[in-house]
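Student: how would this look folded up:
(2 chains)
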Protein chains: 2
Amino acid sequence: MGEQVYLGVDLGGTTIKVGICDVEGNLLTTYEGPTGTEHGADVVLENIAQYARKIVSESAYTWEQVAGIGAGIAGFMDIPEGFIKLSPNLGWRNVPVKKILEEKLGKPVKIDNDANVAALGEAWAGAGKGISNLVCYTLGTGVGGGLIIRDRIYQGFSGMAGELGHIPLVPDLEAIDCGCGKKGCLETVSSATGIIRMAKEAVERGEHTSLALVEHIMAKDVFDAAKTGDETALRIINRAALYLAKSMAVVSVIVNPQRFVVGGGVSKAGDILFDAIRKYYYECAQETAQEGVDIVPAILGNDAGIVGAAGLNLRS
Amino acid sequence: MGEQVYLGVDLGGTTIKVGICDVEGNLLTTYEGPTGTEHGADVVLENIAQYARKIVSESAYTWEQVAGIGAGIAGFMDIPEGFIKLSPNLGWRNVPVKKILEEKLGKPVKIDNDANVAALGEAWAGAGKGISNLVCYTLGTGVGGGLIIRDRIYQGFSGMAGELGHIPLVPDLEAIDCGCGKKGCLETVSSATGIIRMAKEAVERGEHTSLALVEHIMAKDVFDAAKTGDETALRIINRAALYLAKSMAVVSVIVNPQRFVVGGGVSKAGDILFDAIRKYYYECAQETAQEGVDIVPAILGNDAGIVGAAGLNLRS
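Tutor: Predicted coordinates:
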């Protein structure tokens, strides 16, 4: 029957991406199609099943070689039950994904949230390959996180482990409201949203910055300005890096990972961001939590979700 | 050959405590004798071996029934190798404890640090029995911690996981130096040392408090004063509880344990402390990290170290 392979599904609001991985996490082939969110959960799940059968039928592998299927989904879920409680971007409430897909496909199905799945992808076959204990940050609209402990995703008691964007860090006098209802969470500063907010505030304050000339400031505009030496942009990136590093210092004395992997759109700022994160981490963290610990960029990009989803049946 | 039993060794600077546990973590019998620290590591390890053989020979169990031996030790160590790098209170440097004890006793030996072992004791057979994911605080001279993840001690990459006393929490303007070299760590406030310091400062400031009449203030004096309604003492205990709760809110979004177990001398303050910790936790923590999560006192007291050590061969 040949080697076993694993299917990974990255279920987004507009596109479903499916991929086949081997047992080492190598992504062999991918396929994508529309999610069909507007037609409701039944249609979306049928689309997943069709794309899964299609990618395999068009590959060098047989359906018998598929050992399991995993899906990464944004939302609140009962992970062991594979049950979506609420997914705002899909408009889902109480959808038994695992049960339905297992019936349709006749294979073991596991689901997890998108940040955990991305962390597993990087741990299994990306920037964390070979590292048993690591923590992955995804810096996007918010700040997501995932913990890999002893080679497996660690979800915690109620699936809240690795909610790194909600570590409270910013001192009261500077803290702003977070979408979660608390104040001063990491993601109010170190997300794309936080970076854009700080840039707009600087422009409104009348700071002398090239960002004043940008009509709709995006995080990338701030990175680009920083690379030309714009002091406001540099200060904003340093602040995002400082709080990220402070959060890593906190994570270190709690879970002491060997590696921090940082991905997501903001991580594309590159060395200018990573050099600052490392500098502040070495200042903030306990010395004993520094030896042999490194901070590296994610390398799988958008594929992390597919690869990690494929890994769910092996490492969750 | 009868049921298997496990030996636990709590290696203190003055006393070695040894106990026999069954596979459920029930402590069947204990024995203690002098450590003999002043005679050096060879003598101490020989004492451990003698006490271990003695407790078994005087029990209803045979040496053949002993499935493994564990030891909890204060210090820096390579846990997998069972090698003590430095133990200030024993005056040890580079002592291969596991190797020597295995040679002397002919049984598998595991070691771990005292805070992790206490956490395992509570998780296995104490206040955390039946809970797979929990975090244990030991509030004593400092603040120690231990993480139990999927029923086993989690030590992290370099044994630094669960160093909860060094979570940086106190705002800069109020932060004081910690023994670790950083400022504002949890243990500067929520340890016995922190409580005594705050009490002395209050007296020096001339606050109207019954603590002014105590010659050498101990943490227990502060609890006793609080129970009589002394406002200074109440404020100090509230502050210790507030930062402990803040640290739990941070731990929740990182590892999301089902239960927090709080032990050590300071936890003897009882309801006056625990009511405050719970109140502040519900204020500080993410709502989704509250449902089904509780904060309870440790119940094994000084036996946690022996029981947890006995459990090392099953759960580390």
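
Student: identify the residues contacting residue A:11.
Tutor: When contacts are counted by Cβ atoms under 8 Å, 6 or more residues apart in numbering or on different chains, residue A:11 is found next to A:35, A:44, A:48, A:71-73, A:90. (Glycine included, C-beta is placed from N, CA and C.)

Student: over to residue A:173?
Tutor: So residue A:173 contacts nothing (Cβ under 8 Å, 6+ apart).

Student: three-state assignment of it?
Tutor: helix (DSSP: H, G, I helix; E, B strand; the rest coil).

Student: got phi/psi on the nearest residue to residue A:46 once chain neighbours are set aside?
Tutor: In space, and not counting its chain neighbours, residue A:46 is closest to residue A:104: 7.2 Å by Cβ to Cβ, 6 or more residues apart in numbering or on different chains. Phi and psi for residue A:104, reported as degrees, to the nearest 10, are phi -70, psi -30.

Student: can you get me a residue count around residue A:104?
Tutor: By other Cβ atoms under 10 Å in any protein chain shown, the residues close to residue A:104 number 16.

Student: before we move on, what about residue A:106?
Tutor: A count of neighbours around residue A:106, defined by other Cβ under 10 Å, yields 10.

Student: how much space between it and chain B?
Tutor: Distance of residue A:106 to chain B, given as Cβ to the nearest Cβ, to the nearest Å: 29 Å.

Student: check that residue and give its pLDDT.
Tutor: What the model reports as pLDDT for residue A:106 is 97.

Student: and what of residue A:1?
Tutor: Reported pLDDT for residue A:1: 61.

Student: the stretch 101-250 of chain A: strands as residue ranges?
Tutor: Using DSSP state E, counting those that start in this stretch, the strands of the stretch 101-250 of chain A run over A:109-113, A:134-139, A:143-149, A:152-154.

Student: counting contacts, what elements does the second one pack onto?
Tutor: For strand A:134-139, the elements it packs on are helix A:114-125, strand A:143-149, helix A:231-255, strand A:259-263, judged by 3 or more Cβ pairs under 8 Å, 6 or more residues apart in numbering or on different chains; DSSP states H and E.

Student: deepest-packed of the ones you listed, please.
Tutor: helix A:114-125 (a mean of 30; mean count of other Cβ atoms under 10 Å in any protein chain shown).

Student: does chain B have contacts with it?
Tutor: No: Helix A:114-125 is not in contact with chain B by Cβ under 8 Å from any Cβ of the partner chain; minimum separation 11.7 Å.

Student: give me the mean pLDDT for that helix.
Tutor: 96.

Student: what does stretch A:254-274 give?
Tutor: On average, stretch A:254-274 scores 96.

Student: put the alpha carbons of it into PDB.
Tutor: Listed in PDB are the C-alpha atoms of stretch A:254-274, where the atom choice follows Å, rounded to 0.1, in the frame of the first residue of the first chain:
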ATOM      1  CA  ILE A 254       7.000  29.700  32.800                       C
ATOM      2  CA  VAL A 255       7.600  27.100  30.000                       C
ATOM      3  CA  ASN A 256      11.300  27.600  29.200                       C
ATOM      4  CA  PRO A 257      11.200  26.700  25.500                       C
ATOM      5  CA  GLN A 258      14.400  26.100  23.500                       C
ATOM      6  CA  ARG A 259      13.300  28.300  20.600                       C
ATOM      7  CA  PHE A 260      10.900  31.100  19.800                       C
ATOM      8  CA  VAL A 261       9.600  31.100  16.200                       C
ATOM      9  CA  VAL A 262       8.100  34.300  15.000                       C
ATOM     10  CA  GLY A 263       5.900  34.400  11.900                       C
ATOM     11  CA  GLY A 264       3.000  36.300  10.500                       C
ATOM     12  CA  GLY A 265       2.900  39.500   8.300                       C
ATOM     13  CA  VAL A 266       4.800  41.600  10.900                       C
ATOM     14  CA  SER A 267       7.700  39.200  10.900                       C
ATOM     15  CA  LYS A 268       8.400  40.200   7.300                       C
ATOM     16  CA  ALA A 269      10.000  43.300   8.700                       C
ATOM     17  CA  GLY A 270      13.100  41.100   8.900                       C
ATOM     18  CA  ASP A 271      16.400  41.800  10.600                       C
ATOM     19  CA  ILE A 272      15.400  45.300  11.800                       C
ATOM     20  CA  LEU A 273      12.700  43.600  13.900                       C
ATOM     21  CA  PHE A 274      14.600  40.500  14.900                       C
END
